[in-house]
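*Asks:* got a predicted structure here, sequence first:
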Amino acid sequence: MLRSYRFDRYRTKEKEEDKPKLAGLTLAAADPAAARAAWAPQRAVAEGVFLTRDLVSEPPNVLNPAAMADRCRDRLETLGVEVEILGPKEMRKLGFGALLGVAQGSVNEARAVVMRWRGGGAAGGANGGKGRRAAAASAAPSAAESSSIRAASRARWKSSRSRLLGGGAAR
């Protein structure tokens, strides 16, 4: 599924019907209900990756700090994530001096987005809260899964770091 991602929002010459699409995917499973249940958290992760890719692919004249904060709130609150947007005044009180200093060079005011996940989730989903992602939204990883995810992330980071440093051993 991750391979099917394509950021083509600003491609104006390509007609909608000419864009590549994954029309469907059929899998054979001994227990389809168990396969769907196992896929739900993976689908939520994939949708999160797609959201992240969309955000980093947007040009900065379109996705300024306020637009970024609004998009995060709009997409994440439907999943049960608490989203708090801090403006310059709140950031100053919290000691975000370095960020505010950099933001002085922009016509756009700085924003910081605080996201809190407390487990559970809303009935909506990452795609506008249409109810299609309810299972994915409420599937939080167990403590053992979280530990395994963190270990795998560390291993990937060390491997990437090693490649970036010219193949030397990761420290």
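*Replies:* Received, thanks.
*Asks:* tell me which element Arg71 is part of?
*Replies:* helix 65-76 (DSSP states H and E).
*Asks:* same check, this time on Gly95
*Replies:* Element membership for Gly95, per DSSP H and E: none, as it lies in no helix or strand.
*Asks:* ramachandran angles for it?
*Replies:* Dihedral pair for Gly95: phi 80, psi 30, per degrees, to the nearest 10.
*Asks:* and the longest helix along the chain, what does it pack against?
*Replies:* Ranked by residue count under DSSP state H, the longest helix found in the chain is helix 32-57. For helix 32-57, the elements it packs on are helix 65-76, helix 134-138, judged by 3 or more CB pairs under 8 Å, 6 or more residues apart in numbering; DSSP states H and E. All C-beta atoms are positioned from the backbone trio N, CA, C, and that covers glycine.
*Asks:* so which of these is nearest Leu51?
*Replies:* helix 65-76 (5.9 Å; CB to CB).
*Asks:* what's the angle from the closest one to helix 32-57?
*Replies:* Using axes from the mean of the first three to the mean of the last three CA atoms, to 10 degrees, the inter-axis angle of helix 65-76 relative to helix 32-57 is 180 degrees.
*Asks:* helix 65-76: which residues count as buried?
*Replies:* Pro65, Ala67, Met68, Ala69, Asp70, Arg71, Cys72, Arg73, Arg75, Leu76 (16 or more other CB atoms under 10 Å).
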